[in-house]
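Participant: Pasted the sequence and its predicted model underneath.
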Amino acid sequence: MNVEEITAKAKVLLEALPYIQNFRGSTFVVKYGGSFMDDPNPEVRSRVAYDIAFFAACGINTVVVHGGGKAITKAMAESGLEAKFIGGMRVTDEATVNIVRKTLNEVVNPDVCTAITEARGKPKGMPGDEVLLCRKLDHDEEGNPVDLGYVGEVTEVKVKLIKKAIADGLIPVISPVAVDHDGHPHNVNADMAAGRVASALRARRLVYMSDVPGLLKDPNDPKSLISTLKISEVDGLRDSGVISKGMLPKVGGAMRALQDGVHRVHFIDGRLPHSLLLEIFTDKGIGTEIVNS
Ligand SMILES: Nc1ncnc2c1ncn2[C@@H]1O[C@H](COP(=O)(O)OP(=O)(O)O)[C@@H](O)[C@H]1O
Ligand SMILES: CC(=O)N[C@@H](CCC(=O)OP(=O)(O)O)C(=O)O
């Protein structure tokens, strides 16, 4: 390496310093998944795991909530069950909730933990039904009544258990399953679960990773990225239909988290190499951020 190359390399490292100094000791919640988890290139998942291990090594209390919708649909098909969604939520009967729990807790959660371990991070798999309490979800985003079966809305997060794992130097990895007051497992939308975990932990950052560059003005045009959005601008975008489908629970979770004290919520493309590091450790970022003021 010549002097110019050494200087350029050092510059990249030093650019991260103020961010590391600023974020040390803060809590970040990362929604890991869902669509990019199925990317045929295993490198995609691995890179995200490296970014998560990087955060933890910088002293950021990093908590992961993962998805796994596609894996559930595949497991249902193998059992001869057809997946049905209403308003983006899976209709979940008794047989389905058993598949949801098994797939998320016994397949997806260990997979995410393995990826983090391979990046030399120290994950702690936490089945959601051990840390999340819920009641049956009985209304949709607009407040209309719905009955989706065993689909839950998180009412309580066992913060002490999560903080204990963090204090032990571990990265909690939580699946989107919860139990009601009778101990019956429920399926929870992973975006909403991540929002509630971020709220309960009073996280400084909540990051949603998906397979789009961020919030787009035109969902069919990746160049129409909205870089920064104020919370007050969200309703207008929702009413005009700009925010729709899979973005609705993310934005719903984001709004709630911001109202509960989370400082910023980011939406980034999990397929882009190291998008998590770039969004957090550079001035401009590469996705969308929603801020409170
Ligand atoms: N304004 C928008 N900007 C970006 N994506 C949007 C927007 N409105 C709706 N979407 C849809 O939301 C999807 C992301 O949500 P979802 O499919 O649930 O992702 P994941 O499974 O990765 O959590 C995008 O692929 C896109 O189809
Ligand atoms: C109620 C409900 O719909 N739960 C989701 C839980 C998994 C999830 O949200 O995963 P992604 O983030 O990969 O979509 C489901 O059954 O698909």
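Facilitator: Thanks, I have the structure now. Ligands and ions are numbered 1, 2, ... in the order given.

Participant: Alongside ligand 1, which residues does the stretch 51-200 of the chain contribute?
Facilitator: Contact residues (C-beta under 6 Å from any ligand atom) of the stretch 51-200 of the chain with ligand 1: 67, 69. Quick note: C-beta positions are derived from backbone N, CA and C, even for glycine.

Participant: and with 8 Å instead?
Facilitator: Applying C-beta under 8 Å from any ligand atom, we find that the stretch 51-200 of the chain lies next to ligand 1 at 67, 69, 70, 88, 190, 191.

Participant: From those residues, which shows the smallest pLDDT?
Facilitator: When these are sorted by pLDDT, the bottom entry is residue 88 at 85.

Participant: what about that residue, how many residues close to it?
Facilitator: 16 (other C-beta atoms under 10 Å).

Participant: Residue 97 is in contact with residue 136, isn't it?
Facilitator: No - with contact defined as C-beta atoms under 8 Å, residue 97 does not reach residue 136; the gap is 11.5 Å.

Participant: between these two, which one's more packed in?
Facilitator: residue 97 (20 against 15).

Participant: Just want the phi and psi numbers for the residue lying closest to that one once chain neighbours are set aside.
Facilitator: Spatial nearest neighbour of residue 97, excluding adjacent residues (C-beta to C-beta, 6 or more residues apart in numbering): residue 150 at 4.2 Å. Here is the backbone geometry of residue 150 (degrees, to the nearest 10): phi -80, psi 60.

Participant: There's contact between residue 150 and residue 184 in this structure, I believe.
Facilitator: Yes - between residue 150 and residue 184 there is a contact under C-beta under 8 Å: 6.9 Å.

Participant: More neighbours: which of the two?
Facilitator: Neighbour totals were compared for residue 150 and residue 184, and residue 150 leads with 25 against 15 (other C-beta under 10 Å).

Participant: so where do the helices sit in the stretch 101-250 of the chain?
Facilitator: With DSSP state H, counting those that start in this stretch as the criterion, the stretch 101-250 of the chain has helices at 109-118, 128-131, 159-167, 190-200, 231-239, 247-259.

Participant: Now do the buried residues in stretch 127-146.
Facilitator: Under the neighbour-count criterion of 16 or more other C-beta atoms under 10 Å, stretch 127-146 has 127, 128, 129, 131, 132, 133, 134, 137, 146 buried.

Participant: tell me the most buried of the helices of the stretch 101-250 of the chain?
Facilitator: Of all those, helix 190-200 has the most neighbours on average by mean count of other C-beta atoms under 10 Å, namely a mean of 27.

Participant: just the angle between it and helix 159-167, please?
Facilitator: Counting by axes from the mean of the first three to the mean of the last three C-alpha atoms, to 10 degrees, helix 190-200 lies at 90 degrees to helix 159-167.

Participant: ok, and what's touching helix 190-200?
Facilitator: Helix 190-200 has contacts (C-beta atoms under 8 Å, 6 or more residues apart in numbering) with 29-31, 33-34, 63, 65-69, 128, 132, 153-154, 156-157, 159, 162, 174, 176, 178, 203, 206, 208, 249-250, 252-254, 256-257, 260-262, 265.

Participant: just to revisit the earlier point, roughly how far apart are the residue nearest to residue 97 and ligand 1?
Facilitator: 20 Å (C-beta to the nearest ligand atom, to the nearest Å).

Participant: Pull the contacting residues for that residue.
Facilitator: By C-beta under 8 Å, 6+ apart, the contact list for residue 150 reads 92, 93, 94, 96, 97, 136, 184, 185, 186, 187.
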